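Participant: coords below, sequence missing:
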C-alpha cells in the first residue's frame, strides 16, 4: 500500500522569508502522525524534524549526497517491511520544497526496504578502458541485514549498477548480472558475474565501483578503484 500526500497551506507562506522552520515540520508531522519520517540526503532535515516534534526521523544517503551520522546509527533497519512516512516529492524530488505557498511532498509506505548496508566486493583487472570495451566483473554480494532483500520489491525494487565518479559527477549505468537476482536471505552472500561494455564517457580518470540503486538513489555498497577512460591508445 502506498498513499501519496501533497499539502499546501497559505497560512505558512508568511514564514518563508523568516525561516518558519518549526511550523514547516509541525505541518509535516500532521501528515506523518506517529510514523517515523525518512528523509533523503542531508542530516539537517531529520535532525530538525526530531528537534521540533520529538518524533523519530532518519536520513538515507546515496552517492548523490554525503554520508552522515545516520549511516552510523542505521535507524532504518528497525523499520524494514514496516510503515514509515517518506518525505519526498511524489515526482521523485527528495526535498521539502517552498513555492508560492508552503508545500510538502511525501507518501506513506507500509513496506520499507533499503539496501545501503549491503556490501559488494568485485574484481576488475583493467585500469585503462575504451568506450565499448567488453568487461567481465566477478562479484560477491553480502546481505548484512537480518532480513531478506527482494530485488523485485513492489515499492522499492533494486537495480545493479556500474558507477563512474569524475570530479563531482556521478555516472550510473544499470547492468544485468548473468544470473538474475531475486531474493537474498538475511545474512547470506551470493556470487555472480557481470558481462557488459563500457559506456560512452568523456576521456579522463574515474573512480569505478558497483552500486545498488533504488528509490533512494545509488548507495555506497562497494569500494572504488581508479580507472582511465580513453578514446585512443
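Facilitator: Perfect, thanks for sending it. In this text the structure is predicted, and so the values were computed from the model without any measurement.

Participant: do you know how far residue 210 is from residue 164?
Facilitator: According to C-beta to C-beta, to the nearest Å, residue 210 and residue 164 sit 11 Å apart. The C-beta positions use only the backbone N, C-alpha and C, and glycine is treated the same way.

Participant: List the contacts of the nearest residue to residue 60 once chain neighbours are set aside.
Facilitator: Once flanking residues are discounted, residue 60 sits nearest to residue 216: 4.4 Å by C-beta to C-beta, 6 or more residues apart in numbering. Shown in contact with residue 216 (C-beta atoms under 8 Å, 6 or more residues apart in numbering): 40, 60, 62, 114, 116, 156.

Participant: of these, closest to residue 201?
Facilitator: Distance to residue 201 across those (C-beta to C-beta) is lowest for residue 62, with 20.2 Å.

Participant: Give the next helix or strand downstream of the biggest helix by length in the chain.
Facilitator: Assignment by DSSP state H gives helix 21-32 as the longest helix of the chain. Downstream of helix 21-32, the first helix or strand assigned by DSSP states H and E is strand 37-40.

Participant: list the buried ones in the next helix or strand after that following strand?
Facilitator: Sequence-wise, the next helix or strand downstream of strand 37-40 (DSSP H and E) is helix 44-53. Neighbour counts over helix 44-53 (16 or more other C-beta atoms under 10 Å) mark 45, 46, 47, 48, 49, 50, 52, 53 as buried.

Participant: now swap in stretch 135-146 and tell me
Facilitator: Of all the residues in stretch 135-146, those buried under the rule 16+ other C-beta under 10 Å are 135, 137, 139, 141, 142, 143, 145.
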